[in-house]
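Chemist: Sequence first, then the predicted structure, then my questions.
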Amino acid sequence: MLLWRYILRAHLGPFFFGTAVVVFLFLTQYMINYLPQLAGKGLSYDVIAEFMILSVSWILVLAIPIGTLFSTVMAFGGLSATHEVTVMKASGMGLNRMIVPIALMGTVLWGFTFWYTDNVLPDTNLRLSTMMRDIQRLKPTFAVESGRFTTQIEGFTILARTVDSTGLMTGVTIYDRSRPDRMNVVSADTGRLFFSPSLTRLVLDLRQGEVHQSRPSEPRDYRVVQFEDHQIAMPAERFFYEKSDVTGSSRGDREMRISDMQAIVNRSDSAITLARSRMDSLFTSHVSYITASRDTSIQSTDVVPPLEAVGRALTFVTTTRSRLEGESYKQDAELRTRNKYAVEIHKKYAIPFACLLFVFVGAPLGILTKGGNFGLSAAISLGCYVLYWIALIGGEKLADRGLFDPNIAMWMGNAIFVLIGAYATLRVNAR
């Protein structure tokens, strides 16, 4: 038990460190990709923080297996580098017994990751996708620059010759096209912009100017109105972030639980079976029609004109072909739907299982390479991760295209590492 506690302590620190590093790297890359969408839209720190937390949710599912592999390689590599593994083996403690405490931890991580993937991740993915749509619809932060036309408000174009540090605009011209039947051109000496208390309207307060009103349908209807103080209220929707309610929102395949996706897979299986049954029935009716037509032509004394017989046959063949193509299209569509959701179901099983699998891979690899330092452990973990990710993504693509069964495609990565772990274990036991 003391040795198991010692091995477990050597594993815990690198696990938390490795998982945190992976989360940080993934999150940094993800935020850099979405930085153009977040910048310049006046989002509060709370909104950005929520976006980052929701992003960490799906990153965590990938980081835990990688952290497990990194910590296992580092822990057993350190034990091998200091010849502690040799001492344990000399005392009769084989590799299988050394792995027990970390295997128990891997089992706990497997269960936790699976529970998290099926119960928490779908909801956070839904909130993240909804939040991303809200941000994409959000207009950039409104600002008027000196000497430039501003067209961010639909129906209005604003030009200010100069804008000082206090926001006072001079030489203001506004082109108002908010009404299709009327065109207003407003000129003012000075003006200020501010939002209404409800933050739903943008108010432009103008001083000393005139309004030129015209109607395209009536060229002679032209008026000029002079003013000393004039206010224009303009719509300000989507200048402020508004969180959408996700209740009742439709969910994609990565926003659903296994039970929900399994119901879709079962429905698609039933539809595929029905489509195949209808196709078989059409083939049977086609054969029966040919047989019946032949027997009737032999027994009948009536002579059917050749053109009429050909016309009947062509009509029957065309109708049958059209119905067969329709059933085939339905079958292919349902098969694609089935594969799409079956892939996500098996992914929810395969990725968490890697938490336990990487224990049996990382331990012998650490002993063989003596990767007790950070650099070597990170290099081994990165290489294994790239190989696993290629197998996972490749399997997903093959399954989506119907070239591989999802049951096999999504477990290819795990199967590869079972072989790697078995080979490495044999090498360690053979020493």
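Modeler: Received it, and whenever you're ready, just let me know what you need.
Chemist: Distance of R267 relative to D405?
Modeler: 19 Å (C-beta to C-beta, to the nearest Å). Just so you know, the C-beta spots here come from the backbone N, C-alpha and C atoms, and that holds for glycine as well.
Chemist: Just the element for the nearest residue to N339 once chain neighbours are set aside, please.
Modeler: Computed as C-beta to C-beta, 6 or more residues apart in numbering, the closest residue to N339 that is not its neighbour in sequence is A399, at 5.3 Å. Using DSSP states H and E, A399 sits within helix 374-400.
Chemist: lowest average confidence, helix or strand, in this structure?
Modeler: Here the helix or strand of the chain ranked lowest by mean pLDDT, DSSP states H and E is helix 258-299, holding a mean of 72.
Chemist: I figured S217 hits D181, correct?
Modeler: Yes. Under the criterion of C-beta atoms under 8 Å, S217 makes contact with D181 at 6.7 Å.
Chemist: neighbours around the residue nearest to N339, how many?
Modeler: Look at A399: counted by other C-beta atoms under 10 Å, it has 23 neighbours.
Chemist: same check, this time on V224
Modeler: Applying other C-beta under 10 Å, we find 10 residues neighbouring V224.
Chemist: partner strands of the strand ranked longest in the chain, parallel or antiparallel?
Modeler: Longest strand in the chain, counting residues (DSSP state E): strand 218-235. The strands beside strand 218-235 in its sheet (DSSP bridges) come out as strand 201-215 (antiparallel).
Chemist: how distant is the strand it pairs with from the center of its chain?
Modeler: Here the centre of strand 201-215 is set off from its chain's centre by 46 Å, with C-alpha atoms, centre = their mean, to the nearest Å.
Chemist: That one: which residues count as buried?
Modeler: Within strand 201-215, the residues that qualify as buried are L202, L204, L206, G209, V211, S214, counting by 16 or more other C-beta atoms under 10 Å.
Chemist: got a list of contacts for it?
Modeler: Strand 201-215 is touched from outside by 142, 153, 158, 172, 174, 181-196, 221-236, 239, with contacts defined as C-beta atoms under 8 Å, 6 or more residues apart in numbering.
Chemist: Show me which of the residues you listed are buried.
Modeler: Buried members of the contacts of strand 201-215, counted by 16+ other C-beta under 10 Å: 142, 153, 158, 172, 174, 184-186, 188, 190-191, 193, 230, 232, 234, 236, 239.
Chemist: Of these, which belong to helices?
Modeler: Among the buried ones among the contacts of strand 201-215, no residue falls in helices (DSSP state H).
Chemist: what are the ranges of the helices in the stretch 301-431 of the chain?
Modeler: Secondary structure of the stretch 301-431 of the chain by DSSP state H, counting those that start in this stretch: the helices cover 306-369, 374-400, 406-409, 412-430.
Chemist: From the contact counts, what lies against the last one?
Modeler: If I follow you right, that is helix 412-430. helix 95-119, helix 306-369, helix 374-400 (3 or more C-beta pairs under 8 Å, 6 or more residues apart in numbering; DSSP states H and E).
Chemist: coming back round to it: starting at the chain centroid, how far to the helix holding A399?
Modeler: On C-alpha atoms, centre = their mean, the centre of helix 374-400 falls 19 Å from the chain's centre.
Chemist: Now do that helix and helix 412-430, the angle between them.
Modeler: Helix 374-400 runs at 140 degrees relative to helix 412-430, counting by axes from the mean of the first three to the mean of the last three C-alpha atoms, to 10 degrees.
Chemist: Report all helices and strands that helix 374-400 contacts.
Modeler: Against helix 374-400 (3+ C-beta pairs under 8 Å, 6+ apart) you get helix 2-38, helix 45-81, helix 306-369, helix 406-409, helix 412-430.
Chemist: ok, now with 7 Å
Modeler: helix 45-81, helix 306-369, helix 406-409, helix 412-430 (3 or more C-beta pairs under 7 Å, 6 or more residues apart in numbering; DSSP states H and E).
Chemist: wait, which of the ones you listed is closest to W115?
Modeler: Nearest to W115, of all those, is helix 306-369, at 8.5 Å by C-beta to C-beta.
Chemist: Off-centre distance for that closest one?
Modeler: 21 Å.
Chemist: With stretch 414-422 instead?
Modeler: Using C-alpha atoms, centre = their mean, the offset of stretch 414-422 from its chain centre is 28 Å.
Chemist: For the chain, which residue occupies the most central location?
Modeler: Using C-alpha atoms, centre = their mean, the residue of the chain that lies closest to the mean C-alpha position is R254, 6.8 Å off.
Chemist: Report the separation between that residue and V386.
Modeler: 22 Å.
Chemist: And R215, by the same measure?
Modeler: 67 Å.
Chemist: Could you do T319 as well?
Modeler: Distance of T319 to V386, given as C-beta to C-beta: 54 Å.
Chemist: cool, S214 as well?
Modeler: To V386, S214 is 66 Å away according to C-beta to C-beta.
Chemist: picking up where we left off before, which SS state does the residue nearest to the centre of the chain fall under?
Modeler: helix (DSSP: H, G, I helix; E, B strand; the rest coil).
Chemist: could you list every residue that touches it?
Modeler: By C-beta atoms under 7 Å, 6 or more residues apart in numbering, the contact set of R254 is N125, E344.
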